[in-house]
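A.B. asks: Provided below for reference: sequence and predicted model.
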Amino acid sequence: MAGETTLTIVGNLTADPELRSTNTGAQVASFTIASTPRTYNRQTQQYEDGTALFLRCSAWNDLARHISQSCSKGMRVIAQGRLSQRSYQAQDGTNRTVVEMTVDEIGPSLRYATAQVVKQNGNGSHGGYSGGTTYGNPAGNPPVGPWPATAPSQPPATDPWANGGSGYTPDTSTTDAGDPEF
């Protein structure tokens, strides 16, 4: 939506995500991401931690369920979402303001870990894809899916992405070595 403040944060979950349901049946996952900047001190020749940012986050419906099944305390994640600010009056009568993020996308950081993605069967509300990940492969099980057990050694000749993803397949039927016509 136009005018919303979007943010990407990399950090660690401070606790397991809490999954709840609203009165209308919508599921919401609540969790906090801690992000601590590190800088290198040339005088001491060591890294030093800066002041940690603790950002309260929420995710809804299928994403909430997937987060509760896939993420746990201490996991390093990359989350993208929309910031919002709300004010309220605390029980002691003071006015307070909080900044929160509604998560649109989240996944494990692969800097210090590996992950195995497993497509979840959804209700079709997102064109048949509802995302979903499992973090690592703690049981050591082979991946399960509709793909063949072994990948072909060569991509099909008709695959436009076989040359590194550009989508461009040179026309080998011509011998023109000159400059292309624009």
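C.D. replies: Sure thing, it's come through.

A.B. asks: And stretch 45-59, end to end?
C.D. replies: 40 Å (Cα to Cα, to the nearest Å).

A.B. asks: From what I see, residue 20 and residue 27 are in contact.
C.D. replies: Yes. Counting by Cβ atoms under 8 Å, residue 20 does reach residue 27; the two are 7.3 Å apart. C-beta coordinates here come from the backbone N, C-alpha and C atoms, glycine included.

A.B. asks: So the two - more neighbours on which side?
C.D. replies: residue 27 (17 against 12; other Cβ atoms under 10 Å).

A.B. asks: SS state for the residue lying closest to the more buried one once chain neighbours are set aside?
C.D. replies: Excluding the flanking residues, the one nearest residue 27 by Cβ to Cβ, 6 or more residues apart in numbering is residue 64, at 4.5 Å. Using DSSP: H, G, I helix; E, B strand; the rest coil, the structure places residue 64 in helix.

A.B. asks: Pull up the gap between residue 64 and residue 33, please.
C.D. replies: From residue 64 across to residue 33, the span is 15 Å (Cβ to Cβ, to the nearest Å).

A.B. asks: count of residues packed around residue 107?
C.D. replies: Neighbours around residue 107, by other Cβ under 10 Å: 17.

A.B. asks: quick one on the thing from earlier: isn't the residue nearest to residue 27 up against residue 21?
C.D. replies: No. Using Cβ under 8 Å, residue 64 makes no contact with residue 21, being 9.4 Å away.

A.B. asks: between those two, what contacts are shared?
C.D. replies: Common neighbours of residue 64 and residue 21 are listed as 27, 28 (criterion: Cβ atoms under 8 Å, 6 or more residues apart in numbering).
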